[in-house]
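**Q** pasting a predicted model and its sequence here:
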Amino acid sequence: MSSRDLKFIDLFAGAGGLSEGITEAGFHGLFSNEIVPEYAQTYQRNHPSTIVETADIRDLSPEKIMKDLSLERGELDLIAGGPPCQGFSINAPIRSMLDDRNHLFKDYLRFVDVFAPKAILIENVPGLVSFEDGATLHAILDALAELGYGADVHILGAAYYGVPQMRWRTIIIGLRGKNLPPHIFPEPVFHAPIRPNFTSTFNGQSLVKMPTAETDSKFVTVHEAIGDLPPLVNGERGEKIKAYSKAPSCDYQKRARTGSSGVINHEAPKLSDINMRRLKYIRQGGNWTDIPDKLLPKGMLRARKSDHTKRYGRVDANGLASTILTKCDPHWGAYFHYEQDRTFTVREAARIQSFPDHFIFTGTQAQQFAQVGNAVPPMLANAIGLAIKSVITEGE
């Protein structure tokens, strides 16, 4: 089997970050499902050969989809997706029955049962591990076992795989009819100054994949991620497609620009006058504690200087970015540019998420930020996809 023959479908697909990375790993997307029209539109724009169904997954028939894709049961290589899992627990029957998220995860399992793919991939937040003292995660692994899948879980730090931000994801991988080999979870390839601030043990074992002593590559910095993008002032929109301001200076920038003819989605949000006044006081790597008390929001006046260390932060050019959220609001994180007096653009947020520049986000600016923030970083997805590919093609 060649890598071009590997087929997957993506459920709860969002704008397509997970699919982007899996595609880069050599898989071909046949079908995706996303309920939010704006997200689905972005997905279709960037994956034109994939059938994109904009619908509630509970209304879809996996049997019909499998027939429409001309697939037989067991022929599909991978089902990937980020189904909400927090309502799925055998230890909370009342909550389980009332929680819509439970039913959504059951629909993911419904597709697995019908398609019987060679492998499954589920991504979620790190908090899944501690939810209901681990009962939800136990229930998920038990449900997969009932469907014939050997499955396991790890928590992966995106910065360990070249993504320049402090982002963690819980990853569940399963193989049909066999136990997982250790190498199906990708090994970290970068060192990074990140530490888990969540429950990271399950059944008495640590879930976090940490770099080994042999890992000698330094993490990718914010400056390396976005330093070649055109400068902007607060609120500047400019041309829809902008020229790069300088030649790429590192491998990360070269990768981002592959296949791109210019910079799109690069328009500066307009900060309020009070935030512009606050910003003048914030040093690179600094935060709200740099702001004079007279300019602070009233709620922050009661905070201790050691709290909320990322709020109103100006990111360190030589460090990692805060986790990219669904909006780069300075009240929630270090989203001020390290040298320009403004917040990140959609393109800069996408770069920090490791999206290539040819990936175009559609909808309003607010919708674009939400799509970027909700996505799985493609470079992390790529590392996972390559590891799964190496296992399911062994001996073929």
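**A** Structure received. Bear in mind that the values here come from a model prediction, so they are computed numbers and not experimental data.
**Q** now the strands for the protein?
**A** Ranges of strands within the chain are 7-11, 28-33, 51-53, 78-81, 119-124, 149-157, 168-176, 201-202, 205-206, based on DSSP state E.
**Q** ok, which of these comes nearest A383?
**A** strand 149-157 (8.1 Å; Cβ to Cβ). The way it works is simple: take the backbone N, C-alpha and C, and place the C-beta from them, glycine included.
**Q** just to revisit the earlier point, need the strands of the chain in JSON lines (columns: distance to R283).
**A** As requested, the strands of the chain are exported to JSON lines (distance: least, Cβ to Cβ, whole Å):
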{"stretch": "strand 7-11", "distance to R283": "42"}
{"stretch": "strand 28-33", "distance to R283": "43"}
{"stretch": "strand 51-53", "distance to R283": "45"}
{"stretch": "strand 78-81", "distance to R283": "42"}
{"stretch": "strand 119-124", "distance to R283": "36"}
{"stretch": "strand 149-157", "distance to R283": "27"}
{"stretch": "strand 168-176", "distance to R283": "27"}
{"stretch": "strand 201-202", "distance to R283": "37"}
{"stretch": "strand 205-206", "distance to R283": "36"}
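**Q** with distance to L18, mean pLDDT and mean neighbour count added, can I get those in JSON lines?
**A** Listed next are the strands of the chain as JSON lines, based on distance: least, Cβ to Cβ, whole Å; pLDDT from 0 to 100; neighbours: other Cβ atoms under 10 Å:
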{"stretch": "strand 7-11", "distance to L18": "6", "mean pLDDT": "98", "mean neighbour count": "26"}
{"stretch": "strand 28-33", "distance to L18": "9", "mean pLDDT": "98", "mean neighbour count": "22"}
{"stretch": "strand 51-53", "distance to L18": "14", "mean pLDDT": "98", "mean neighbour count": "19"}
{"stretch": "strand 78-81", "distance to L18": "6", "mean pLDDT": "98", "mean neighbour count": "26"}
{"stretch": "strand 119-124", "distance to L18": "7", "mean pLDDT": "96", "mean neighbour count": "24"}
{"stretch": "strand 149-157", "distance to L18": "13", "mean pLDDT": "96", "mean neighbour count": "21"}
{"stretch": "strand 168-176", "distance to L18": "10", "mean pLDDT": "96", "mean neighbour count": "22"}
{"stretch": "strand 201-202", "distance to L18": "22", "mean pLDDT": "88", "mean neighbour count": "17"}
{"stretch": "strand 205-206", "distance to L18": "25", "mean pLDDT": "88", "mean neighbour count": "10"}
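**Q** between those, which gets nearest to N275?
**A** strand 168-176 (28.5 Å).
**Q** and the closest one, what does it pack onto?
**A** strand 119-124, helix 135-146, strand 149-157, helix 378-392 (3 or more Cβ pairs under 8 Å, 6 or more residues apart in numbering; DSSP states H and E).
**Q** which helix or strand in the protein has the lowest average pLDDT?
**A** Between all helices and strands in the chain, the lowest mean by mean pLDDT, DSSP states H and E belongs to helix 93-98, at a mean of 44.
**Q** where's the closest residue to N374 other than its chain neighbours relative to V52, distance?
**A** Counting by Cβ to Cβ, 6 or more residues apart in numbering, N374 lies nearest to G14, which is 5.4 Å off, once chain neighbours are set aside. Distance, G14 to V52, by Cβ to Cβ, to the nearest Å: 11 Å.
**Q** now the common contact residues for those two.
**A** E34, Y43 (Cβ atoms under 8 Å, 6 or more residues apart in numbering).
**Q** show me where pLDDT drops low in the stretch 251-396 of the chain?
**A** 395-396 (pLDDT under 70).
**Q** which residues in it form helices?
**A** Along the stretch 251-396 of the chain, counting by DSSP state H, counting those that start in this stretch, helices occupy 251-257, 273-279, 346-352, 365-374, 378-392.
**Q** what's the fourth one in contact with?
**A** So that's helix 365-374. Counting by Cβ under 8 Å, 6+ apart, 14-15, 38-39, 42, 265, 267, 269, 324-328, 346, 349-350, 353, 355, 361-363 sit against helix 365-374.
**Q** and the gap between the residue of the chain most remote from its centre and C250?
**A** Centroid-distance maximum for the chain: K294 at 37.5 Å, with Cα atoms, centre = their mean. Applying Cβ to Cβ, the value for K294 to C250 is 41 Å.
**Q** measure stretch 37-53 end to end?
**A** 10 Å (Cα to Cα, to the nearest Å).
**Q** list the buried residues in that stretch.
**A** Residues of stretch 37-53 classed as buried by neighbour count (16 or more other Cβ atoms under 10 Å): E38, Y39, A40, Q41, T42, Y43, Q44, N46, H47, T50, V52, E53.
**Q** what does stretch 51-68 give?
**A** Within stretch 51-68, the residues scored as buried using 16+ other Cβ under 10 Å are V52, E53, T54, I57, L60, P62, I65, M66.
**Q** ok, stretch 369-383 next?
**A** Within stretch 369-383, the residues that count as buried by 16+ other Cβ under 10 Å are 369-383.
**Q** what's the answer for stretch 306-325, then?
**A** Under 16+ other Cβ under 10 Å, the buried positions of stretch 306-325 are 308, 310-317, 319-325.
**Q** so which of the helices of the stretch 251-396 of the chain is the most surrounded?
**A** Ranked by mean neighbour count, the helices of the stretch 251-396 of the chain are led by helix 346-352 with a mean of 28 (mean count of other Cβ atoms under 10 Å).
**Q** output the contacting helices and strands for that helix.
**A** helix 222-226, helix 365-374.
**Q** N179 is nearest to which of those helices?
**A** Of all the helices and strands packed on helix 346-352, helix 365-374 sits nearest to N179, with 32.2 Å by Cβ to Cβ.
**Q** so what's N234 up against?
**A** Residues in contact with N234 (Cβ under 8 Å, 6+ apart) are A268, K270, L271, M276, D341, R342.
**Q** coming back round to it: list phi and psi for the residue nearest to N374.
**A** The phi and psi values for G14, taken as degrees, to the nearest 10, are phi 60, psi -150.
**Q** pLDDT score for it?
**A** Predicted confidence (pLDDT) at G14: the value is 96.
**Q** residues near it, how many?
**A** 24 (other Cβ atoms under 10 Å).
**Q** what do you get for N265?
**A** Residues within reach of N265, counting by other Cβ under 10 Å, total 23.
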